[in-house]
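A predicted structure for the sequence below; I have some questions about it.
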Amino acid sequence: MPIRGATAISCPNIAFIKYWGNRNEKINLPENGSISMNLAELYTRTSVEFDLSLPADHLSINGKLASGPILKRVSDFLDNVRRLADISAYASVTSENNFPAGAGIASSASAFAALALSASTAAGLQLSEPELSRLARIGSGSACRSVPGGFAEWYAGESDESSYAVTIAPPDHWNLVDCIAVVSESHKPVGSADGHTLARTSPFQEARVTTAPGRIDRCRNAILARDFEAFAEVTELDSNMMHAVMMTSKPALLYWLPATLTVMQVVAAWRRKGIPAFYTIDAGPNVHVFCEENDAPTIFRRLTEIPGVSRVIIAHPGPAASLIDPACKEGG
Ligand code: DP6
């Protein structure tokens, strides 16, 4: 077999209705459906080459050779691609992110969406978008939502075949801005993969999961109607519910730092004063503050003035994962 390669680019996504806890951990079948938005300015760019002369899979992330559990996770994922394509060659994988990994901006989502697309293409497969979303989900649950563009809904589904994400509105549907208040760039102490297994130890998880379909409907309707108030209310509620589960798991997970809480309180106070903004937080201390384009300069400036906020990253609704010409150096 000749060396076969492909390069893909994918955005991370931020969830408005969160995924926390699996029914099937092996293939990441989630306890509940979720809704998210891709983040245009942030990306992972991944090249994969299958090469029969390689003695093992080889992985480089941001110019550094990876080994141990990270290499194993990627290699296990590539086994799925090899099985689907009926090939045996090992792969050389080169991946780059333009944003900090492990601090609540889901790098595993863009990483596995870009890897699913580049590896499946390099292996000679031509997967449909739902098939690609399912493949990405096996690498990292939230990665299935980075495959389609814009605002995405991940159907929890009953099985591997029915658990994938679709676009519910394209990126230009709503001029929302995610102002990410970075309060820490260091790696989180407990990653999402371990957190998902702890979710069921919280007495609040069942309440969160059984009421999720109602929040999914409210969130999808608010996005489709561009109803900021309704969107703000259901998204903050859902984020708070996931963090309540985290904090009441055994052992308890507390991802917030003091500055996280400061931003949450400030944003809630702005909204009471009529400044339309809301927050949502993933498995990390950084706070995603959403507003509409017109309000973004004010929100951006005010966030940078909060003690403990080291910088603010701006992101708009982003596109689907796509193949790119390997000669092209910049993403986006
Ligand atoms: C808190 O799908 O990133 O961001 O790949 O196992 O690390 P692992 O899990 P992942 O979990 C993301 C959880 C979340 C909420 C969400 O994105 O819905």
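Yes, it's here.

Can you pull the residues of the stretch 51-200 of the chain lying near the ligand?
Applying CB under 6 Å from any ligand atom, we find that the stretch 51-200 of the chain lies next to the ligand at Ala106, Ser108, Ala109, Ser140, Gly141, Ser142, Gly191, Ser192, Ala193, His196. Where C-beta positions appear, they are placed from N, C-alpha and C, glycine not excepted.

Out of these, who's the most crowded?
Within these, most neighbours by other CB atoms under 10 Å means Ala109, with 31 neighbours.

list the contacts for that residue?
Ala109 makes contact with Ser10, Pro12, Asn13, Ser140, Ser142, Ala143, Arg145, Ser146, according to CB atoms under 8 Å, 6 or more residues apart in numbering.

could these go into a markdown table alongside pLDDT and secondary structure?
Formatted as a markdown table, the contacts of Ala109 follow (pLDDT from 0 to 100; DSSP: H, G, I helix; E, B strand; the rest coil):
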| residue | pLDDT | secondary structure |
| --- | --- | --- |
| Ser10 | 98 | strand |
| Pro12 | 96 | coil |
| Asn13 | 97 | strand |
| Ser140 | 96 | coil |
| Ser142 | 97 | helix |
| Ala143 | 98 | helix |
| Arg145 | 98 | helix |
| Ser146 | 98 | helix |
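
Could you list the domains of this structure?
2-172, 174-315 (automatic domain parsing).

what about those domains, which gets the closest to Ser322?
domain 2-172 (6.0 Å; CB to CB).

Spell out the residue ranges of the helices in the stretch 51-200 of the chain.
68-85, 107-122, 129-139, 192-198 (DSSP state H, counting those that start in this stretch).

Of the ones you listed, which is nearest Thr248?
helix 192-198 (10.0 Å).

With respect to burial, which of the domains of the chain scores highest?
The highest mean neighbour count among these, using mean count of other CB atoms under 10 Å, belongs to domain 2-172: a mean of 21.

so how far is it from its chain's centroid?
On the basis of CA atoms, centre = their mean, to the nearest Å, domain 2-172 sits 10 Å off its chain's mean C-alpha point.

now do stretch 276-288
On CA atoms, centre = their mean, the centre of stretch 276-288 falls 13 Å from the chain's centre.

End to end on it, go ahead and measure it.
Counting by CA to CA, to the nearest Å, you get 14 Å between the two ends of stretch 276-288.

avg pLDDT for that stretch?
Averaged over stretch 276-288, pLDDT sits at 95.

re earlier: could you export the helices of the stretch 51-200 of the chain to CSV, including columns for mean pLDDT?
As requested, the helices of the stretch 51-200 of the chain are arranged in CSV below (pLDDT from 0 to 100):
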stretch, mean pLDDT
helix 68-85, 97
helix 107-122, 96
helix 129-139, 98
helix 192-198, 85
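
Determine which of those approaches Val182 most closely.
The nearest among these, by CB to CB, is helix 107-122 at 13.7 Å.

Just the angle for the closest one relative to helix 68-85, thanks.
Helix 107-122 and helix 68-85 are oriented at 40 degrees to each other (axes from the mean of the first three to the mean of the last three CA atoms, to 10 degrees).

Tell me what angle helix 107-122 forms with helix 129-139.
130 degrees.

Can I get helix 107-122 as PDB, trimmed to CA atoms?
Taking Å, rounded to 0.1, in the frame of the first residue of the first chain, the C-alpha atoms of helix 107-122 are listed here in PDB:
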ATOM      1  CA  SER A 107      -9.600  20.300  23.000                       C
ATOM      2  CA  SER A 108     -10.600  16.600  22.900                       C
ATOM      3  CA  ALA A 109     -13.700  17.600  20.800                       C
ATOM      4  CA  SER A 110     -11.800  19.400  18.000                       C
ATOM      5  CA  ALA A 111      -8.900  16.800  18.300                       C
ATOM      6  CA  PHE A 112     -11.100  13.800  17.700                       C
ATOM      7  CA  ALA A 113     -13.300  15.500  15.100                       C
ATOM      8  CA  ALA A 114     -10.200  16.400  13.000                       C
ATOM      9  CA  LEU A 115      -8.700  13.000  13.600                       C
ATOM     10  CA  ALA A 116     -11.900  11.200  12.600                       C
ATOM     11  CA  LEU A 117     -12.000  13.100   9.300                       C
ATOM     12  CA  SER A 118      -8.300  13.000   8.400                       C
ATOM     13  CA  ALA A 119      -7.800   9.400   9.400                       C
ATOM     14  CA  SER A 120     -11.000   8.000   7.700                       C
ATOM     15  CA  THR A 121     -10.100   9.900   4.500                       C
ATOM     16  CA  ALA A 122      -6.500   8.800   4.600                       C
END
